[in-house]
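Novice: coordinates only, sequence not included:
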């Protein structure tokens with residue numbers, strides 16, 4: 001790796017990328033990994049890092065990138081750019097087109113239905129290709145924001161794990177950038193001149209997730225190491241110091 005500022009940045013990111021793969025057992029010998037390539041900085045970085053990991057010879061595995069377009073959403077990514085980028089990273093490229101019907105469930109927001117339709121198509125293509133791993137470009141900040149959102153709005157302590165086995169689909173979702181922070185990916189996108197894809201989705205709007213970004217920024221002002229503290233908290237759940245319902249007693253009294 002180069003000793004330039006850009007080289008040192010990539011080395012730091014790749015170090016944590018490699019650490020996540022090895023710490024959580026994300027990629028194994030002979031895997032065929034399908035990468036969800038949206039065209040945003042996170043998915044582009046994921047594909048580039050996977051390419052570097054393959055070239056380094058840590059594990060022998062195959063990578064295929066898939067970009068899913070929604071035919072009823074009026075924006076289009078630069079498919080030629082995505083294809084060229086994928087091939088440069090040593091990955092095959094698939095462009096798949098699908099759609100979703102908003103009338104099927106009016107209780108759900110269009111963004112949710114669109115996202116689920118894309119994810120469903122990922123699963124279908126993974127099954128067609130015989131892929132057992134689906135790699136998504138979520139980073140550390142995404143995972144911590146999801147943790148905070150679940151605590152705040154769902155009343156649950158959980159998030160998007162680095163590895164999630166989905167037995168229903170015979171597929172494992174992996175997030176190799178789980179230990180990489182977003183500001184590092186922003187810097188990498190600028191340093192490597194990623195082409196920003198135009199998005200003019202009519203359903204895109206400010207969400208609780210963007211509001212949670214502001215909350216995380218406030219917490220970081222209080223404690224610059226808050227991200228590390230929150231991550232360690234997920235690995236250090238002290239069950240003895242959390243509330244416990246007396247289920248056996250209640251069941252006995254009801255009986």
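Specialist: Yep, that arrived. These numbers come from a predicted model, not from an experiment.
Novice: quick one: residues contacting the residue most central in space within the chain.
Specialist: Geometric centre of the chain, nearest residue: residue 138, 2.3 Å, by Cα atoms, centre = their mean. The contact partners of residue 138, by Cβ atoms under 8 Å, 6 or more residues apart in numbering, come to 42, 160, 175, 177, 178. (Each C-beta comes from the backbone N, C-alpha and C, glycine too.)
Novice: downstream of the longest strand along the chain, the next helix or strand is which one?
Specialist: If you go by DSSP state E, the chain has its longest strand at strand 62-70. Per DSSP states H and E, the first helix or strand lying C-terminal to strand 62-70 is helix 79-88.
Novice: for that following helix, what is the average pLDDT?
Specialist: Mean per-residue pLDDT for helix 79-88: 97.
Novice: for the helix or strand following that helix, list every residue counted as buried.
Specialist: Using DSSP H and E, the helix or strand that follows helix 79-88 in sequence is strand 92-98. Applying a neighbour-count criterion of 16 or more other Cβ atoms under 10 Å, the buried positions in strand 92-98 are 93, 94.
Novice: quickly find the element holding the residue nearest to the centre of the chain.
Specialist: Residue 138 belongs to no helix or strand when assigned by DSSP H and E.
Novice: where does residue 34 land in three-state SS?
Specialist: At residue 34 the chain is in strand, as set by DSSP: H, G, I helix; E, B strand; the rest coil.
Novice: and it, how far from residue 189?
Specialist: The spacing between residue 34 and residue 189, counted by Cβ to Cβ, to the nearest Å, is 22 Å.
Novice: of the two, who's got more company?
Specialist: Comparing residue 34 with residue 189 by neighbour count (other Cβ atoms under 10 Å), the higher total belongs to residue 34, at 28 against 18.
Novice: can you pull out the strands in the stretch 101-250 of the chain?
Specialist: For the stretch 101-250 of the chain, applying DSSP state E, counting those that start in this stretch gives strands covering 133-135, 163-166, 171-174.
Novice: can you tell me which of the ones you listed is most buried?
Specialist: strand 133-135 (a mean of 24; mean count of other Cβ atoms under 10 Å).
Novice: partner strands of that strand, with direction?
Specialist: Next to strand 133-135 in the sheet, as set by DSSP bridges, lie strand 32-36 (parallel), strand 171-174 (parallel).
Novice: packing partners for the longest strand of the chain?
Specialist: Secondary-structure packing of strand 62-70 (3 or more Cβ pairs under 8 Å, 6 or more residues apart in numbering; DSSP states H and E): strand 32-36, helix 41-55, helix 79-88, strand 92-98, helix 110-129.
Novice: okay, the ones you listed in JSON lines with distance to residue 61 next?
Specialist: Listed next are the helices and strands packed on strand 62-70 as JSON lines, based on distance: least, Cβ to Cβ, whole Å:
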{"stretch": "strand 32-36", "distance to residue 61": "6"}
{"stretch": "helix 41-55", "distance to residue 61": "7"}
{"stretch": "helix 79-88", "distance to residue 61": "15"}
{"stretch": "strand 92-98", "distance to residue 61": "13"}
{"stretch": "helix 110-129", "distance to residue 61": "13"}
